[in-house]
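J.: build the 3D model from these lines:
(2 chains)
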Amino acid sequence: MSRYFTTPIYYVNDRPHIGHLYTTLVTDTLTRFHRLQGEDVRFLTGTDEHGQKIEKVAKKEGVAPIDVADRHAPTFRDLWKRFEVANDDFIRTTEPRHRVGVTELIRRLEAAGDLYVAGHEGWYCVGCEAFYPEKDLEDGKCPTHGTPPEWQKEENVFFRLSKYQEPLLALYEKGSVPGIPFVFPETRLNEVRSFVAAGLKDLSVSRTAIQWGIPFPGHPGHVVYVWLDALTNYLTALGLGSGDESLVSRYWPAGDERRVVHLVGKDILRFHAVYWPAFLMSAGLPLPTQVVSHGFWLKDARKMSKSVGNVVRPDALVDAFGVDALRWHLVSEMSFGQDASFSDEAFLVRYNSDLANGLGNTLSRAVRMAADAFGGKTPSERCDDNEVKRAAEAAVAAWDAAFRSCRLHEAAEAVRVLLGAIDGYITAKEPWKKVKAEGVTPALHRVHHNALEGLRVAACLLAPIAPGAAAEVLARLGAPKAAEAIGPSDLAWGGLPLGAPLAPAAPLFPRADAKAYFAEPSKEKPVTEETKPAAPAAAPIPPEAPAASPAPVPAPAATPAAPAETPRITVDDFFKADLRVAEIVAAEKVEKSKKLMKMTVRIGEEERTIVAGIATAYTGDQLVGRKVVVVANLLPAKLMGIESNGMVLAASLPGTGEPSLLAVDPSVPSGTKVK
RNA sequence: GGCGAUGUAGCUCAGUCGGUAGAGCGGGGGUCUCAUAAGCCCUGUGUCGGCGGUUCGAGUCCGCCCAUCGCCA
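T.: Below you'll find the model as predicted:
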């Protein structure tokens, strides 16, 4: 069975962020899983380099578009290298092989009679590279970019997409391979189906307003529409139209023996699940097996956006905790297919519980005890009937099933369960007591063998997700093997060499001190693009906030950073915060919370709820009637399930961090602006 | 507005053919000590979004409503 996995090709105008990284890492994890099973796997990623945005940047800089592309493509390539992404090929749409393939595909569409020329004019957004009907504009501007569109007239080449409505619906019904839904997850398949069922219009597939693209064969002055260009990369990388199509026949499916899976973010699902199969049908080419769509990472439960400045770039976390820790976190934290929230706090909690306490500590105790007992060697007796073996076999089965049904987080869960079983086994057998009471017995050998052998299997299961860590664990167990060299036979019980060298080593994943990590000013906002918190909405978690806190606590923070270390802001930055005088009209302590106080405040005519961590210093009675200063335009945050809409200002007393509310002269009317 | 989902413990989620709810993490308390302040033990009275219906019995089926999200218009 051959398997061909692809990521989307990434537009080089964009700096890579966690979204690109996630798609690529998930694909890498899946390909590593299938390689480990001994299958013939190919993994493609690359960059999309044509289009108006690049053209404009180039013009602005006075350079050729290819120079812009050449400058940015390596940032993706290098990032994948850093994250141990093992792609077989990296395609750039500016490469000759791509142009050749796209030209060949278009020749086939033409031959099928599916291309025709028609006039077209309308409002055109440069950012979207798309026309908008008048009614879709907001105040005459592009709804996505908020920029004024240009009125453009074009004579375009059209593709008879409408012709493929019924064949596409049949595809969604039956799948390209029986039994495998064409789109994963099901809810996305429903979306695509209803989109197509609503009726398909023919698609404009050429552009005349742009020069930076692939010349449209037979239509001088036209370049190929971005998606017809980009999607085709999956085939041009295999050599479509090159004269040597051996890779096409090896990986592009024409039967049960080949599987093609496109991984995509949900935002570009339609292009992959509608346009792409339609192009292929027209060209008389086989269809991919499945389009797998994953959710988005949100930052602290909010959409990531450049304007909010909360785009996650996890460089600092990777610097501090390693590539494998991030890979593990991304795979296990997101329920695959759904959206998930990324936060540094959640990362540290998971790092400590799964990697430091779980994998790392279990490895440490097992290796140290065995090395001490057997003079720096692995046990010399094996054991083929015990609960660790049964746990390992169950874990392999669960892990296998999880990967095969795209439930990546459950594959990670299987590893955690196995590690827990090994840890529990060690605890139950108490080998540290046995060795004191009975000395080194055959039974002691067997106990240690089981623990170490269980860890060896766990490391193999970990390999697709965190290959570096997996290889390191194997090396420490005295069973060294590169992650890429692990094969199906390694999943079977009994691979640990007997009497092999074994030496304790420094902690694999040293426990992280969350408090210390966040207390360091340079690391307060390590993963976001903006380094200066411009508005309170983007304020970092206060250093003393509990690690489990779900959102920034809008409470006075005892920031240890000296004033001199705080970056200067402009007055404009300051005025982003809407400070108002408010009167507290009700206040009660949040049950189950030590320090949270739920208050109703009146700002002018408006009443709203604010939750703040001041219950250690004030009772509800002391607060009611009091006038305070609040940040009125803070994004809402949920604290202990209560939505808080603002932040009460208070001083943080030195040492204890105890809050002391800012006093306002009682005569100042509620709602008054503070500046 | 149309279509589709989702709403279960502080967080992330399981709950198969309907029999009055579970796991991991986090929190709190205790304890051992081989191990990375790790391990182990104890600790959850949750209106299973709301209302109504079917049923001997509903988180689980049906209807309506509310909230959130996605796709489309």
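J.: now do the contacts for residue A:465.
T.: A:29, A:327, A:328, A:331, A:332, A:408, A:411, A:412, A:415 (C-beta atoms under 8 Å, 6 or more residues apart in numbering). Yep, even glycine has a C-beta here, placed from its N, CA and C like the rest.
J.: tell me the one of those nearest residue A:297?
T.: residue A:331 (12.3 Å; C-beta to C-beta).
J.: go ahead and name everything in contact with the helix or strand containing that closest one.
T.: Secondary structure assignment for residue A:331, by DSSP states H and E: helix A:323-333. Here helix A:323-333 makes contact (C-beta under 8 Å, 6+ apart) with A:18, A:21-22, A:25-26, A:29, A:82-84, A:314, A:317-318, A:340, A:342, A:346-347, A:350-351, A:354-355, A:408-409, A:411-413, A:416, A:465-469, A:509.
J.: now that helix: average pLDDT?
T.: Helix A:323-333 shows a mean pLDDT of 95.
J.: do stretch A:93-101 as well
T.: Averaged over stretch A:93-101, pLDDT sits at 97.
J.: repeat that for stretch A:63-71.
T.: 95.
J.: next one: stretch A:389-397
T.: Per-residue pLDDT over stretch A:389-397 has a mean of 95.
J.: what sits up against it?
T.: Outside of stretch A:389-397, the residues within contact range by C-beta under 8 Å, 6+ apart are A:383, A:414-415, A:417-418, A:421-422, A:425, A:450, A:453-454, A:457-458, A:461, A:491, A:493.
J.: which one among those gets closest to RNA strand B?
T.: Proximity of those to RNA strand B (C-beta to the nearest atom of the strand) peaks at residue A:417, which lies at 8.4 Å.
J.: contacts only, for that closest one.
T.: A:391, A:394, A:395, A:398.
J.: quick check: the gap between the residue in chain A positioned nearest to RNA strand B and residue A:350.
T.: Minimum separation of chain A from RNA strand B (C-beta to the nearest atom of the strand) falls at residue A:360, amounting to 1.6 Å. Distance, residue A:360 to residue A:350, using C-beta to C-beta, to the nearest Å: 13 Å.
J.: and these two? Which one has more around it.
T.: Using other C-beta atoms under 10 Å, the more surrounded residue of residue A:360 and residue A:350 is residue A:360, with 21 against 17.
J.: from residue A:64, how far out is that one?
T.: The spacing between residue A:360 and residue A:64, counted by C-beta to C-beta, is 50 Å.
J.: determine the number of other residues adjacent to residue A:33.
T.: If you count neighbours by other C-beta under 10 Å, residue A:33 ends up with 23.
J.: what's the answer for residue A:506, then?
T.: Neighbour count of residue A:506, defined by other C-beta under 10 Å: 6.
J.: how about residue A:66?
T.: For residue A:66, using other C-beta under 10 Å, the count is 14.
J.: please apply the same query to residue A:403.
T.: Burial of residue A:403 is recorded as 23 neighbouring residues (other C-beta under 10 Å).
J.: check residue A:97 too.
T.: One way to gauge burial is a neighbour count; for residue A:97, by other C-beta under 10 Å, it gives 17.
J.: list the buried ones in the helix or strand hosting it?
T.: For residue A:97, the host element (DSSP H and E) is helix A:96-111. Going by neighbour count (16 or more other C-beta atoms under 10 Å), the buried part of helix A:96-111 is A:97-106, A:108-110.
J.: from those, which is closest to residue A:184?
T.: Looking across those and measuring by C-beta to C-beta, the closest to residue A:184 is residue A:105, at 25.3 Å.
J.: show me what contacts the closest residue to that closest one other than its chain neighbours?
T.: Nearest non-adjacent residue to residue A:105, counting by C-beta to C-beta, 6 or more residues apart in numbering: residue A:232, 5.2 Å away. For residue A:232, the contact set (C-beta under 8 Å, 6+ apart) comprises A:98, A:101, A:102, A:105, A:240, A:279.
J.: how far away is residue A:232 from residue A:11?
T.: In terms of C-beta to C-beta, residue A:232 sits 16 Å off from residue A:11.
J.: what about the closest residue to residue A:280 other than its chain neighbours, how many residues close to it?
T.: Of all residues not flanking residue A:280 in the chain, residue A:287 sits nearest, at 5.5 Å (C-beta to C-beta, 6+ apart). Close neighbours of residue A:287, defined as other C-beta under 10 Å, add up to 20.
J.: can you pull the contacts of residue A:287?
T.: A:171, A:176, A:253, A:277, A:280, A:281.
J.: confirm the first one sits in a helix?
T.: Read that as residue A:171. Yes: judged by DSSP: H, G, I helix; E, B strand; the rest coil, residue A:171 forms part of a helix.
J.: hmm, it is touching residue A:182, no?
T.: Yes: if you go by C-beta atoms under 8 Å, residue A:171 and residue A:182 touch, sitting 5.5 Å apart.
J.: by mean pLDDT, point me to the weakest helix or strand of chain A.
T.: Across the helices and strands of chain A, mean pLDDT, DSSP states H and E gives its lowest value to helix A:571-575, namely a mean of 55.
J.: now do the next helix or strand after that helix: everything it contacts.
T.: Later in the chain than helix A:571-575, the nearest helix or strand by DSSP H and E is strand A:579-589. Residues from elsewhere that reach strand A:579-589 (C-beta under 8 Å, 6+ apart): A:596-604, A:607, A:615, A:618-621, A:623-632, A:646, A:648-649, A:664, A:668-675.
J.: keeping just the C-alphas, turn strand A:579-589 into CSV.
T.: C-alpha atoms of strand A:579-589 as CSV (Å, rounded to 0.1, in the frame of the first residue of the first chain):
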residue,chain,number,x,y,z
LEU,A,579,-10.5,54.1,31.7
ARG,A,580,-13.8,55.0,33.4
VAL,A,581,-15.0,55.8,36.9
ALA,A,582,-17.5,53.1,37.9
GLU,A,583,-19.6,52.5,41.0
ILE,A,584,-19.8,49.1,42.5
VAL,A,585,-23.5,48.3,43.0
ALA,A,586,-23.2,44.6,44.1
ALA,A,587,-20.3,42.4,45.0
GLU,A,588,-20.1,38.8,46.1
LYS,A,589,-17.2,36.3,46.5
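J.: which of the residues in that strand are buried?
T.: The neighbour-count check on strand A:579-589 (16+ other C-beta under 10 Å) flags A:579, A:580, A:581, A:582, A:583, A:584, A:587, A:589 as buried.
J.: beta partners of the fifth one?
T.: Here residue A:583 shows beta-bridge partners residue A:602, residue A:627, assigned using DSSP bridges.
J.: residue contacts, the nearest residue in space to residue A:258 that is not next to it in sequence?
T.: Nearest residue to residue A:258 in three dimensions, chain neighbours excluded: residue A:2, at 4.8 Å (C-beta to C-beta, 6+ apart). Residue A:2 sits next to A:39, A:40, A:41, A:42, A:250, A:251, A:257, A:258, A:259 when contact means C-beta under 8 Å, 6+ apart.
J.: check residue A:357 too.
T.: residue A:511.
J.: assign a three-state SS to it, would you?
T.: Classification of residue A:357 by three-state DSSP places it in helix.
J.: per-residue pLDDT, it?
T.: Residue A:357 carries a pLDDT score of 95 in this model.
J.: quick one on the thing from earlier: quick one: the residue nearest to residue A:105 from residue A:99, how far?
T.: Taking C-beta to C-beta as the measure, residue A:232 falls 10 Å from residue A:99.
J.: any idea how chain A splits into domains?
T.: When chain A is parsed with automatic domain parsing, its domains come out as A:2-311, A:317-491, A:534-661.
J.: Throw those domains into CSV and include distance to residue A:505, thanks.
T.: Putting the domains of chain A into CSV (distance: least, C-beta to C-beta, whole Å) gives the following:
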stretch, distance to residue A:505
domain A:2-311, 21
domain A:317-491, 6
domain A:534-661, 28
